[in-house]
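S.K.: Got a predicted structure here, sequence first:
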Amino acid sequence: MNQLQIVISIILFLWLLLCSMQDMKKKRINIYLILAGFLVVLISTVWNGEFNILYHLGGMSLGLLLLCISFITKGQIGVGDGLIVCITGLCLGFSRNAMLLLISLFGSAIFSIVLLSFRLAGRKKAIPFVPFLLFGYMGVLIFG
């Protein structure tokens, strides 16, 4: 991993941290924050000089799938979550973004089971997903 990739990883981590805090506090993510993350990731990816359209579109495909599911389920999955997975896909490609999404889904499932088991939340309780994406991203940085 070269120095620019390390800087991109740190920027993506900090951006996910900001999005997580906003998601936990407001249960939504400001579109300008999402747009800023997209622009920074896109510019840094092109600047890195390793731009491969198939690699990046493949990474974004999981986020696009989440966006489709969001529209089909009328917002049960947030649009912001899908957009964030699109942006992480630009950086990570398909396989690492799939790993991020799997770790995130697993983490949110365990968290939900704990909430339900201790009756701290009902079945219809919405939980913020971006903190789990941050958790998944840390897993990808460590293991992927």
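M.R.: Received, thanks. No experiment lies behind these values; they were computed from the predicted model shown.

S.K.: Relative to the whole chain's centre, how far out is the longest helix anywhere in the chain?
M.R.: If you go by DSSP state H, the chain has its longest helix at helix 79-117. Put simply, helix 79-117 sits 6 Å off its chain's centre (CA atoms, centre = their mean, to the nearest Å).

S.K.: Quick one: mean pLDDT over it.
M.R.: Taken as a whole, helix 79-117 has a mean pLDDT of 95.

S.K.: counting contacts, what elements does that helix pack onto?
M.R.: Here helix 79-117 touches helix 3-26, helix 31-48, helix 53-72, helix 130-143, going by 3 or more CB pairs under 8 Å, 6 or more residues apart in numbering; DSSP states H and E. Heads up, the C-betas are built off the backbone N, CA and C, glycines and all.

S.K.: And for the shortest one, what's in contact with it?
M.R.: It stands for helix 130-143. Outside helix 130-143, the residues that touch it by CB atoms under 8 Å, 6 or more residues apart in numbering are 9, 12-13, 16-17, 19-20, 22-24, 29, 80-81, 84-85, 88, 92, 96, 99-105, 107-108, 111.

S.K.: what do you get for stretch 99-116?
M.R.: 62, 85, 88, 92, 120-123, 125, 127, 129, 132-133, 135-137, 139-140, 143-144.

S.K.: Please repeat the previous calculation with a cut-off of 6 Å.
M.R.: Residues outside stretch 99-116 that contact it (CB atoms under 6 Å, 6 or more residues apart in numbering) are 62, 88, 121, 132-133, 135-137, 139-140, 144.

S.K.: just to revisit the earlier point, list buried residues within the contacts of helix 130-143.
M.R.: Neighbour counting over those (16 or more other CB atoms under 10 Å) leaves 9, 12, 16, 19-20, 22-23, 29, 80-81, 84-85, 88, 92, 96, 99-101, 103-104, 107-108 as the buried ones.

S.K.: mind checking how far Pro131 is from Ile29?
M.R.: Computed with CB to CB, to the nearest Å, the distance linking Pro131 and Ile29 is 12 Å.
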